[in-house]
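Novice: Need a 3D model of the sequence below.
(one chain, ligands or ions: 1)
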Amino acid sequence: MIDIVAAIEAIKISINCVKVVSEGLKAIKEVDQKLDFLEMKQQLVKLTENLLNAEEKIYELDTKLSLQQSIEHQSDGNIMWIIKELKRSGPYCSTCFGDEGKTITLNDNGDGSWNCPKCKNHFHTKQWRQDQDEKHRRIKRLYKV
Ligand SMILES: [Zn+2]
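Specialist: Coordinates of the predicted model:
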């Protein structure tokens, strides 16, 4: 009789052990699934970051292309203009545009000459040079230099 009671008790303990092991395995499986989910979330964050970088690069290249398609060089003065929808803006520094692709608005001196606030280059038209030459000739004649 005692052996049967002990056997039943052993079976109950064994069943409880199986339940505990089963619950432990289930908990491990849930932890694994959560880890997989976290890894997927990390990959999603990286992919989203890569996508944002790619979109930023596309925007940057699109802006650069649009600028290059709308910019015009004026050889008389070596200055740049942007033409958009038949409207002209500028002038911009050809040195800064050629060097860094930046459009730096030139300061207009109002006499056919401009200067760049960034690179400090001076730009002028052929007419401005002729006017300057004429001024120098007049000064030389006036002071008989
Ligand atoms: Zn410049």
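Novice: From here on, just use CA atoms for contacts and neighbour counts.
Specialist: Fine.
Novice: what's the domain layout of the protein?
Specialist: 1-71, 75-143 (automatic domain parsing).
Novice: Just send the ones you listed back as TSV, with distance to the ion too.
Specialist: Shown next, in TSV, are these (distance: least, C-alpha to the ion, whole Å):
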stretch	distance to the ion
domain 1-71	15
domain 75-143	4
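Novice: tally of neighbours for Ser66?
Specialist: 12 (other C-alpha atoms under 10 Å).
Novice: let me redo that: Thr105
Specialist: 21.
Novice: hey, where'd the helices end up in the chain?
Specialist: 2-70, 94-100, 126-143 (DSSP state H).
Novice: can you list those in CSV and add mean pLDDT?
Specialist: What follows is these, written out as CSV (pLDDT from 0 to 100):
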stretch, mean pLDDT
helix 2-70, 95
helix 94-100, 94
helix 126-143, 93
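Novice: Gly112 is nearest to which of the ones you listed?
Specialist: helix 126-143 (5.5 Å; C-alpha to C-alpha).
Novice: Just the CA coordinates for the closest one, please, in PDB.
Specialist: Written as PDB, here are the backbone C-alpha positions of helix 126-143 (Å, rounded to 0.1, in the frame of the first residue of the first chain):
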ATOM      1  CA  LYS A 126      34.700  95.200 -70.200                       C
ATOM      2  CA  GLN A 127      32.900  98.600 -70.100                       C
ATOM      3  CA  TRP A 128      34.000  99.100 -66.500                       C
ATOM      4  CA  ARG A 129      37.700  98.500 -67.600                       C
ATOM      5  CA  GLN A 130      37.300 100.900 -70.500                       C
ATOM      6  CA  ASP A 131      35.800 103.500 -68.200                       C
ATOM      7  CA  GLN A 132      38.700 103.000 -65.800                       C
ATOM      8  CA  ASP A 133      41.300 103.300 -68.600                       C
ATOM      9  CA  GLU A 134      39.600 106.500 -69.700                       C
ATOM     10  CA  LYS A 135      39.700 107.900 -66.200                       C
ATOM     11  CA  HIS A 136      43.400 107.200 -65.900                       C
ATOM     12  CA  ARG A 137      44.100 108.800 -69.300                       C
ATOM     13  CA  ARG A 138      42.200 111.900 -68.200                       C
ATOM     14  CA  ILE A 139      44.100 112.100 -64.900                       C
ATOM     15  CA  LYS A 140      47.400 111.700 -66.700                       C
ATOM     16  CA  ARG A 141      46.500 114.400 -69.200                       C
ATOM     17  CA  LEU A 142      45.200 116.700 -66.400                       C
ATOM     18  CA  TYR A 143      48.300 116.300 -64.300                       C
END
